[in-house]
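> Predicted model and sequence below, questions to follow.
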Amino acid sequence: MTWSAVERRARTVPDGPVTRSGGDDGLLLRGLVTDSRRVVPGCLFACVRGAASDGHRWAGAAARAGAAALLADRPVDLALPTLSVPSVRARLGPLGALLAGDPADALDLVGVTGSNGKTTTSTLVGGVLEAGGTCTGVVGTLGARVGIRTRRTPLTTPEAPELHELLRWMVDAGARRAVVEASSIALDMGRIDGLRFGVAVFTGFEEDHLDHHGTIEHYWASKARLFERDRSAAAVVVVDDPWGRRLAEQAPVPVTRVGTSEDADVRVLGWRTGAAGTEVLLGDDTGGHRVSSPLVGRVHVTNLAAAWATGRALGVPADAIAAGLAATTPPRGRNTVLGGSGRPVVVVDYAHTPRALAAAVATARDLCGPGGRLHLVLGARGRRDRYKRQGLGESARAADVVWLTNEGSHGEDPAAIIGELRIGLLGGGAAVRTVPDRRAAIHAAVRAAGPADVVLVVGRGHETRLLDTTDPRDAVHLDDAEVATTALIVEHGPPTRAPAGEDELAS
Ligand SMILES: CC(=O)N[C@H]1[C@@H](OP(=O)(O)OP(=O)(O)OC[C@H]2O[C@@H](n3ccc(=O)[nH]c3=O)[C@H](O)[C@@H]2O)O[C@H](CO)[C@@H](O)[C@@H]1O[C@H](C)C(=O)N[C@@H](C)C(=O)N[C@H](CCC(=O)O)C(=O)O
């Protein structure tokens, strides 16, 4: 892309004067990079001011690595062509799009936001759109994929330049639609700037990420940004909580209301869930529709309904939507069911907010056999959203035995984190055991569980790295599902009956 085209696009952000120094109009730039350690020769290096560091400090390193030009919002003493702008961050979206060849122009986009359920709903919508006959890319917490190709991503919603690069990769692989998980932090930091969604989906809301947002109203406002006219053409909103109803009222775009209430446009008329999956009866203006899915848990009922509504909003036929939902396999670490077959059932889930934990506990309770007890393996991540710990403890009271453990202390004192979880458990009826080593805690819970019991392991879901210091290089491999699988074999031996997945659906 030429330097003059970059300058023109930079000027489309109406926040003040843009000045260019050095470089011919025809200077060719290859890619937009925000990290000096990832510079590719000939790229435009954007100097981003962050919380931990300031990209302007790294401009020299970027130049030495081969960057051809700079984007800066304060003076940089370097003999490199430079575009000086009021805000670098505000231009990462528009310039990321330009330097990736505007891939979003070739895609119908779906954005998914919400405190819980983003990954599952994005995966379901991807499955529905594929079943409708359109090659569809998906990017979110579990990485990016299109067809059978996958790529790792460091964040749920990547920084804008990487996001546009991923969309380019999807278009080149044949995608004509893409589903993007939009975190509130990403919305707040402009990571999805330059994208417009055909449909934006809201899966629900509860207090989270206040370390970043400061107040719940700021958190809410960041999410609500996705539903403004410059971002989205239409919305699918789960209205089962008051925040969803508030969004449905305030969104300036046409809204499809999804949920159990009578005024829902896509209404949940009934559901049942068990170890074999979930069935939902939905009603919309075309009548009643029964959908089934291998996903386990009542929490997925509205995720399935939202995916249905999104498919309908994008013109996918009802039978294709139903086929897509039935064929979509559960994302890793989202109520992943292990064991059963004469041994206890183990459920591994990502729940890390009080409400998500309450839902995960309810799902696990449904999976207990007659007289079975529910064991919960619970921790909380260090240096993040400390205010949630007491609420997690309160939600944990609904278990029979709570195994308090470490979830990656990130330099905090693990015993102090456990102490804060314990406060929420005070006065509850659950027996509480403390086993700080997570691997040992999972083994102990699985060992203590009988064949009718369920062991629910929450907090990390798909994550495979556990960190107890502030240095990411100290992270160790620890995969909850892997540990639970080993524990089941060590403590209870191999399966003796048909696997849990072949059981009848429980009502
Ligand atoms: C709050 C937040 O989102 N921070 C992100 C942000 O950090 P920052 O702005 O403070 O950046 P910084 O580390 O100070 O560095 C400033 C600039 O200098 C650059 N740099 C830095 C060092 C160097 O040697 N060379 C260099 O060029 C950096 O690349 C960056 O451009 O920009 C960084 C570079 O892209 C991100 O890695 C970092 O994400 C951190 C790691 C993070 O943990 N983010 C989480 C909270 C997050 O975004 N989560 C959401 C929510 C998920 C959910 O809903 O569950 C997500 O979308 O993933």
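Arrived safely, thanks for sending.
> tally of neighbours for the closest residue to the ligand within the chain?
Closest approach between the chain and the ligand, counting by CB to the nearest ligand atom: Gly50, at 2.2 Å. (C-beta placed from N, C-alpha, C; glycine too.) Number of residues near Gly50 (other CB atoms under 10 Å) recorded here: 10.
> how far away is it from Ser261?
42 Å (CB to CB, to the nearest Å).
> next one: Asp15
Distance of Asp15 to Ser261, given as CB to CB: 41 Å.
> Quick check: closest non-adjacent residue to Gly23.
Nearest residue to Gly23 in three dimensions, chain neighbours excluded: Pro81, at 2.9 Å (CB to CB, 6 or more residues apart in numbering).
> That neighbour and Asp25 touch, don't they?
No - with contact defined as CB atoms under 8 Å, Pro81 does not count as touching Asp25 (10.8 Å).
> The two: which has the busier surroundings?
Pro81 (19 against 10).
> Using the record's assignment, carve this protein into domains.
3-90, 103-327, 336-491 (automatic domain parsing).
> Can you tell me which of these is nearest to Gly96?
Nearest of these to Gly96, taken as CB to CB: domain 103-327 at 3.8 Å.
> Contacts (any at all) between the ligand and the closest one?
Yes - contact of domain 103-327 with the ligand (CB under 6 Å from any ligand atom) involves Leu155, Thr156, Thr157, Glu159, Ser183, Ile185, Ala186, Met189, His212.
> Where does confidence bottom out across those?
For the residues of domain 103-327 next to the ligand, the least confident position by pLDDT is His212, scoring 87.
> number of nearby residues for that residue?
His212: 17 surrounding residues under other CB under 10 Å.
> I figured it was touching Ile185, is that so?
Yes - at 5.3 Å, His212 counts as touching Ile185 under the criterion of CB under 8 Å.
> Check the separation of the first and last residues in stretch 310-325.
The straight-line separation of the ends of stretch 310-325 (CA to CA, to the nearest Å) is 12 Å.
> Need the residues that contact that stretch.
For stretch 310-325, contacts defined as CB atoms under 8 Å, 6 or more residues apart in numbering pick out 108, 110, 124-125, 127-133, 177, 198-199, 201, 234, 236, 256, 266, 284, 286, 289-293, 304, 307-308.
> go with 7 Å
108, 110, 124-125, 127-132, 198-199, 201, 234, 236, 256, 284, 286, 289, 291, 293, 304, 307-308 (CB atoms under 7 Å, 6 or more residues apart in numbering).
> cool, stretch 377-393 as well?
Against stretch 377-393 from outside (CB under 7 Å, 6+ apart): 208-211, 353-354, 357, 396, 402-412, 417, 420-425, 438, 441-442, 445, 455-459.
> Leu71 - that's part of a strand, no?
Yes - using DSSP: H, G, I helix; E, B strand; the rest coil, the assignment for Leu71 is a strand.
> Report pLDDT for the residue nearest to it when sequence neighbours are not counted.
The shortest distance from Leu71 to any non-neighbouring residue, by CB to CB, 6+ apart, is to Ala46 (4.3 Å). Ala46 is assigned a predicted lDDT (pLDDT) of 98.
> I'd say Ala46 and Ala72 touch.
No - using CB atoms under 7 Å, Ala46 is not in contact with Ala72; the gap is 8.1 Å.
> which one of those two has more residues nearby?
Between Ala46 and Ala72, Ala46 has the larger neighbour count (other CB under 10 Å), namely 29 against 21.
> show me the contacts for the more buried one.
Ala46 touches Leu32, Thr34, Gly55, Leu71, Val88, Leu92, counting by CB under 7 Å, 6+ apart.
> Quick check: buried residues in the least confident helix or strand in the chain by mean pLDDT?
For the chain, counting by mean pLDDT, DSSP states H and E, helix 210-213 ranks last in confidence among helices and strands (a mean of 84). Residues His212, His213 are the ones in helix 210-213 that count as buried (16 or more other CB atoms under 10 Å).
> swap in stretch 229-246?
Neighbour-count burial for stretch 229-246 flags 231-232, 234-241, 243-245 (criterion: 16+ other CB under 10 Å).
> quick one: which two of these are the most distant?
So for the buried residues of stretch 229-246, where distance means CB to CB, the most widely separated pair is Arg231 and Asp240, at 23.2 Å.
> tell me what the helix or strand His164 falls within is packed against?
His164 belongs to helix 160-172 when elements are defined using DSSP states H and E. In this structure, helix 160-172 packs against helix 89-99, with contacts taken as 3 or more CB pairs under 7 Å, 6 or more residues apart in numbering; DSSP states H and E.
> can you list the residues that contact the helix it packs on?
Against helix 89-99 from outside (CB under 7 Å, 6+ apart): 1, 5-6, 9-10, 12-13, 15, 29, 31-32, 34, 44, 46, 48, 71, 85, 104, 159-161, 163-164, 189-190, 192-194.
> Kindly recompute the last result at 6 Å.
Helix 89-99 is contacted from outside by 1, 9-10, 12-13, 15, 31-32, 85, 160-161, 164, 190, 193-194, using CB atoms under 6 Å, 6 or more residues apart in numbering.
> Restricted to strands, list those.
Of these, the ones assigned to strands by DSSP state E are Leu32.
> Could you give me the PyMOL selection string for whichever of the contacts of helix 89-99 are buried?
For the buried members of these, the matching PyMOL selection, counting by 16+ other CB under 10 Å, is:
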select buried, resi 1+9+10+13+31+32+85+160+161+164+190+193+194
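> out of the contacts of helix 89-99, what pair is the most spread apart?
Going by CB to CB, the pair spanning those furthest: Asp15 and Gly31, at 23.6 Å.
> can you give me the helices in the stretch 151-300 of the chain?
For the stretch 151-300 of the chain, the helices defined by DSSP state H, counting those that start in this stretch cover 160-172, 184-189, 210-213, 216-224, 242-250, 300-313.
> Quick check: which of those is buried the most?
helix 300-313 (a mean of 28; mean count of other CB atoms under 10 Å).
> what distance separates that helix from the middle of the whole chain?
Here helix 300-313 is found 17 Å from its chain centre; the criterion is CA atoms, centre = their mean, to the nearest Å.
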